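Asker: This is a predicted model, with the sequence first.
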Amino acid sequence: MNRPPLKQIIEAALLAAGEALTFERIQGLFEADRAPSRDEIRRAVAELSADYQGRGIEIREVAGGYRIQVGAEMAPWVSRLWEEKPARYSRAVLETLALIAYRQPITRGEIEQVRGVSVSTSIVRTLEERGWIRVVGRRDVPGRPAMYATTREFLEHFNLRGLDQLPDLATLQDPDQAHLELDLRLPDELEADSAISDDEQGANRDE
Amino acid sequence: MNRPPLKQIIEAALLAAGEALTFERIQGLFEADRAPSRDEIRRAVAELSADYQGRGIEIREVAGGYRIQVGAEMAPWVSRLWEEKPARYSRAVLETLALIAYRQPITRGEIEQVRGVSVSTSIVRTLEERGWIRVVGRRDVPGRPAMYATTREFLEHFNLRGLDQLPDLATLQDPDQAHLELDLRLPDELEADSAISDDEQGANRDE
Amino acid sequence: MTEAAAGQASTDEPAGGGEPVARVGDEALRRLPDDLYIPPDALEVFLEAFEGPLDLLLYLIRRQNLDILDIPIAEITRQYMEYVDLMREMRLELAAEYLVMAAMLAEIKSRMLLPRPAAAEDEEDEDHDPRAELIRRLQEYERFKKVAEQIDELPRVGRDVFPAAAEAPACQPQAPPPQVSLRELLLALSEVMRRAQLNESHQIERETISIRERMSETLSRLSEERYTPFQALFQAEEGRTGVVVTFLALLELVRESMVELVQADAFAPIYIRAR
C-alpha cells in the first residue's frame, strides 16, 4: 500500500487519540514488519514540531509518549470554551503530592513526619481519584502501611516527560537563598495576585 | 492585546474542544467587542482548510459550525488505536466447532445431544460470522432444523487440504503428537508437498 | 466564627502590652506587622491558612528575616504561643500537632538556658545544639513547601495546556478474530467425547469423515426448489475413488432422509432435491 508520510500518520493518530501515545502504541498502528523504529518516530515528531512553530499547537513528550496540545499562549481564548474554571488545589494537597513525587514510594506516616501535621484521608483520596497517585506496595512495618507513588497520569497532567523534569528541590545547604524568595504576603494577597497574573498572562508574554 | 491570528485561535479552539464548534461558540472565545464576524471566521477557516491540503486532517463545515477531523485515508492506521486484543473462543464454541467438523452435516439438536447442554444461538452465529460453518440443508424431521457443515475457510485456517486430514480421534490420546505432525508447516510447504505427491503418483505407478 | 469571638480577639490583641512583639535586627517592633491587622474574619482565614506548626514557625521566622540556622528560640517560642493562644480564642480547631510543637519549643528553650552538664558531652556531639532537630525539620518542610508551589505553577492540562483532539475517521474498532489451533479443536472434541462417554462406540474413522464431507458438499449444491441432475454431482476428474465417495455420500443422505431422489421412468434421468 502506498502509505502517507510517517509524520502524517503520527499526527492523525495523536489527534484521533486526543491523548499521549507511547512509542509502543504508535508502532502498534503498523503491521509488525512495517513498524517504524523509535528513531524514525523521533525524526517524524521533530518534523511535526518544526511545522507547528509559530502556531497555537505544539507536540510535546510527556510520560514516555507524545501528545499534541494547544499551548499555554492560547489559554486566554481556549479556556473560555468551558464554563467551569479549572480546579485549584489546596496547599495540603499540593504538599502531599510533592512529597509523594519526590520521595516515592512513601507512606502516609512518612509524609506526616515531614509536613508536621496529619494527612487527612480526603487528601489522599483526592489524589487517588485524580489518578495522580496509587498504592504500589506496603511497607514491611507494623500495620503494613500503604506506600504511594505517582502515576503516568500525573506526568501527563503536569506536562512532564518524566519525574526528572520536576523542579529541583532546594538544597539544605543553601537556606539563605531560599529566604529571599519566601513569601511574606497574606493568602488573600497571593490569591489577588494570581488572579491578576492570569489575566495578564497574554499581555506579559507579548511584552 | 497583541492577539494571535484568528485562524490560529480557531484551530486551537477546535482542537482543544475535540468536537464541532458553532459560530456562536467561536465568537464567545473573544471579548464581546472583539468577536470576529461570521465572514471573518469563514475566511480564517478557508485559510486553515488550504493549510491542511495534503495532510491527514481536514476542516469540515457541520451543522452551523466547524469541526477538524482526521481524513478517511488515515483510517487503516488510526483505527488500530482501538483494536482490541484478540479474544479467545469459549469452550462451548470450540466443542461445537469440533462436533460440526467431525460429524457434519449435523443439526443443533444433535450437537446438544452429544454435549449434553444446549447450544446457544450466539455460538452458532459466532462460527457463522467467522465463516467457518454454514447451513448446508435441513433435516427432514419436525421443525426442519438446519444442518451445519464446515467451510473452505475452516480448512484454510487449519491448513487442511480436506476434512480427511483432520486427525483421527484415535490420536486424541496424544494430541501434542498429532499437533506436531499436522500443523507446523506453512501453507506454502503444504502446497509444495501436495504438488510433489501428485507428480510422484504417476512415477510410482510406472514402477 | 461568632461575633463574640471576633470582638474578643480584637480587644485581646497580643500587641496590647508594652513588650516588643518581635525584634528585627536591632529594631524592636511594638506592634504586630500590619499584615496581621486585618478584619477578624480575615484573621480566621489567615490562621487557618497555616499547614501546621512547621508552617507557622516558618512564617514567624521569615516574617522577621531571621536566619533559619540561628533561630532566637525564646522569642520565636513566645510568638508561636501567641498565635496558638489566638487560635484557641478564635475557637479554631487546633490540631494536636500545634501543642506538641509548643512542648518541643519549650523543651529546647529550657535546654538552651541550662548549663551543659559535663557528663552529657560524651554522649552527644560536642557542638550539639538543641535546636538542630527543629532546624532540620524546618528546612526539610520548607523545601517541600516551596516545591509544592512550583508544582502548582507547572503548565497543567485543562488550565494552561489542552490536549488536541480531532474527530477520528469513521472506522469500526475491530477486534482481530480469535485464533484456534488444531490442537485446541482436538482437545475440545476429546473433552466433549469424554463427557458423552462415546469414545468407545463412536470411533470416527478417516473414511467416514471423507464421506461425511462429501455429504456436506453434496447437500450444499442441492436446492430445495429445483431438481439437480444426478450426473451433475459427479466429477470425472476425481477418478474412481471420488465417484465412489460421492455415491456413498448420496446413499447416506438418502438413508438419513436428507435428500429426495426422483426418477420419472425406468432408465430415465435421476434428479435429486434437498428436502
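Answerer: Now that the structure is in, tell me what you want to look at. Numbers count the residues shown, from 1 in each chain, chains lettered A, B, ... in the order given.

Asker: closest point of the stretch 1-150 of chain C to chain A, which residue?
Answerer: Here the residue of the stretch 1-150 of chain C nearest chain A is C:G52; by CB to the nearest CB that distance is 3.3 Å. From N, CA and C alone the C-beta is placed, and that goes for glycine too.

Asker: for that residue, what are its contacts?
Answerer: Contacts of C:G52 were listed using CB atoms under 8 Å, 6 or more residues apart in numbering or on different chains, and they are A:115-117, C:95, C:97-98.

Asker: So for it, what's the nearest residue that isn't a sequence neighbour?
Answerer: Nearest in space to C:G52, with sequence neighbours left out and distances taken as CB to CB, 6 or more residues apart in numbering or on different chains, is A:V117 at 3.3 Å.

Asker: That neighbour against C:P53, yeah?
Answerer: Yes - at 7.3 Å, A:V117 and C:P53 qualify as touching, with contact defined as CB atoms under 8 Å.

Asker: between the two, which one's more packed in?
Answerer: The neighbour comparison of A:V117 against C:P53 (other CB atoms under 10 Å in any protein chain shown) goes to C:P53, with 26 against 22.

Asker: Could you report the pLDDT at the more buried one?
Answerer: pLDDT recorded at C:P53 is 91.

Asker: what residue is smack in the middle of the chain?
Answerer: Answering for chain A, as no chain was given. A:F158 (1.6 Å; CA atoms, centre = their mean).

Asker: You answered for a different chain; I wanted chain C.
Answerer: Centroid-nearest residue in chain C: C:V157, 17.3 Å away (criterion: CA atoms, centre = their mean).

Asker: Quick check: it vs chain A, distance?
Answerer: 5 Å (CB to the nearest CB, to the nearest Å).

Asker: count of neighbours near A:R25?
Answerer: Neighbour tally, A:R25, other CB under 10 Å: 17.

Asker: residue contacts, it?
Answerer: Going by CB under 8 Å, 6+ apart, A:R25 touches A:17, A:65, B:81.

Asker: Check C:A164 too.
Answerer: With CB under 8 Å, 6+ apart, C:A164 has these contacts: A:14-15, A:18, A:57, A:67-70, B:15-16, B:18.

Asker: at 6 Å what do you get?
Answerer: With contact set as CB atoms under 6 Å, 6 or more residues apart in numbering or on different chains, C:A164 has these partners: A:15, A:57, A:68-70, B:15.

Asker: what does A:I68 give?
Answerer: Per CB under 6 Å, 6+ apart, neighbours of A:I68: A:14, A:59, C:164.

Asker: Just the pLDDT at the residue nearest to the centre of chain A, thanks.
Answerer: 96.

Asker: Check C:T11 too.
Answerer: With respect to pLDDT, C:T11 has a value of 36.

Asker: Next: the one 3 residues further on.
Answerer: According to the predicted model, the pLDDT of C:P14 comes to 41.

Asker: For the residue of the stretch 1-150 of chain C closest to chain A, grab phi and psi.
Answerer: The phi and psi values for C:G52, taken as degrees, to the nearest 10, are phi 110, psi 180.
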